[in-house]
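Colleague: I'll drop the sequence and a predicted model, then ask my questions.
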Amino acid sequence: MKFLEVHSTISRDEDTCIDWLMSNGLICSAMNCKKCETGCNVVLKKGVKVWRCPNRGCQSVCSLRMNSFFSGSHLKLHEIINIIYWWSAKSTVTSTMKETGHSEHTIVDWYNFIRDVCAQYLIDHAQKIGGVGKTVEIDESKLERENTTGEEYRKVTGCLVE
Ligand SMILES: [Zn+2]
């Protein structure tokens with residue numbers, strides 16, 4: 001998918017993005033109040049859409065992002081979608097900084113987070129690879145880094161199936 005398609009159908013503005021994320025189950029499309037169980041409405045609060053309990057005695061508010069991949073981020077949802085797009089297109093951090101206007105720190109953080117989520121998915125959904133007539137090559141990455149305790153470690157293992 002080209003960026004222009006993503007932009008026109010998902011990330012051209014925040015409202016379009018919210019609708020797309022809800023209709024694709026990536027953020028909740030309905031929410032019950034955590035305090036009184038009343039069905040919440042989407043309302044604008046300081047220019048940001050949030051869930052708000054309509055119960056006059058409650059009026060509890062929570063983020064549309066609650067319990068989603070996007071919770072905890074301060075970026076707008078359509079900005080995150082754009083970063084995910086460029087990550088999936090194998091864009092370098094520098095190129096994505098230019099495309100999105102975000103800092104290196106922001107892009108590196110999101111790239112790491114997206115990679116970690118994908119890695120966890122693969123761990124949780126592990127499958128056998130290869131089979132009769134298939135060649136599987138396994139190669140430990142040459143990447144060596146120091147972790148916070150100063151220990152060096154090799155982390156990544158790649159494989160190729162032909
Ligand atoms: Zn409530």
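Modeller: Cool, got the structure. Numbers count the residues shown, from 1 in each chain.
Colleague: residues in contact with the most centrally placed residue in the chain?
Modeller: Central residue of the chain (Cα atoms, centre = their mean): residue 69, 5.0 Å from the mean position. Going by Cβ atoms under 8 Å, 6 or more residues apart in numbering, residue 69 touches 26, 117. For the C-beta atoms, the positions are set from N, CA and C on the backbone; glycine is no exception.
Colleague: where does the prediction get shaky in the protein?
Modeller: 140-157 (pLDDT under 70).
Colleague: which bits of it sit near the ion?
Modeller: By Cβ under 5 Å from the ion, the residues of the chain that approach the ion are 33, 35-36, 38, 53, 55, 58, 60.
Colleague: again, 8 Å this time
Modeller: By Cβ under 8 Å from the ion, the residues of the chain that approach the ion are 33-38, 40, 53-55, 57-60.
Colleague: in the protein, which helix has the most residues?
Modeller: Counting residues, the longest helix in the chain under DSSP state H turns out to be helix 104-124.
Colleague: ranges for the helices of the protein?
Modeller: So, for the chain - with DSSP H - the helices run 3-6, 14-23, 77-88, 93-100, 104-124.
Colleague: which of these sits most buried?
Modeller: Greatest average neighbour count among the helices of the chain goes to helix 77-88 (a mean of 20), per mean count of other Cβ atoms under 10 Å.
Colleague: elements contacting that helix?
Modeller: When contacts are defined as 3 or more Cβ pairs under 8 Å, 6 or more residues apart in numbering; DSSP states H and E, helix 77-88 packs onto helix 3-6, helix 14-23, helix 93-100, helix 104-124.
Colleague: and the angle from the third one to helix 77-88?
Modeller: Taking axes from the mean of the first three to the mean of the last three Cα atoms, to 10 degrees, one finds that helix 93-100 is oriented at 150 degrees with respect to helix 77-88.
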